[in-house]
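Novice: no letters, just coordinates:
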């Protein structure tokens with residue numbers, strides 16, 4: 001692969017991923033979503049607790065199979 005084509009391809013791929021990253025950051029800043037993982041990779045404990053409540057509640061309508 002010629003060097004000019006390699007550089008061109010690399011730059012196109014890099015631009016694509018930069019645009020994807022910017023779009024994702026913009027979406028999280030819009031405020032209509034909740035993210036339980038912070039940007040540094042740690043878990044946002046209060047948000048995780050809020051989201052987990054729906055999974056920890058016992059629903060009587062669900063049949064138990066023993």
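Specialist: Happy to help now that I have it. Note that the structure is predicted; figures quoted are calculated from it, not measured. Residues are numbered from 1 along each chain as shown.
Novice: mind jotting down where the helices sit in the chain?
Specialist: Counting by DSSP state H, the chain has helices at residues 3-29, 45-56.
Novice: just want the most central residue of the chain.
Specialist: The residue lying closest to the centre of the chain (C-alpha atoms, centre = their mean) is residue 35, at 7.2 Å.
Novice: could I get the helices of the chain in JSON lines, plus columns for distance to residue 39, mean pLDDT and mean neighbour count?
Specialist: For the C-beta atoms, the positions are set from N, CA and C on the backbone; glycine is no exception. What follows is those, written out as JSON lines (distance: least, C-beta to C-beta, whole Å; pLDDT from 0 to 100; neighbours: other C-beta atoms under 10 Å):
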{"stretch": "helix 3-29", "distance to residue 39": "9", "mean pLDDT": "92", "mean neighbour count": "10"}
{"stretch": "helix 45-56", "distance to residue 39": "13", "mean pLDDT": "74", "mean neighbour count": "10"}
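Novice: can you tell me the closest non-neighbouring residue to residue 9?
Specialist: residue 1 (8.0 Å; C-beta to C-beta, 6 or more residues apart in numbering).
Novice: distance of that neighbour from residue 27?
Specialist: The gap separating residue 1 from residue 27 is 35 Å, by C-beta to C-beta, to the nearest Å.
Novice: likewise for residue 46?
Specialist: Distance, residue 46 to residue 27, by C-beta to C-beta: 21 Å.
Novice: likewise residue 45?
Specialist: 23 Å.
Novice: same check, this time on residue 41
Specialist: 18 Å.
Novice: now do residue 40
Specialist: Distance from residue 40 to residue 27, by C-beta to C-beta: 18 Å.
Novice: repeat for residue 19
Specialist: Distance from residue 19 to residue 27, by C-beta to C-beta: 13 Å.
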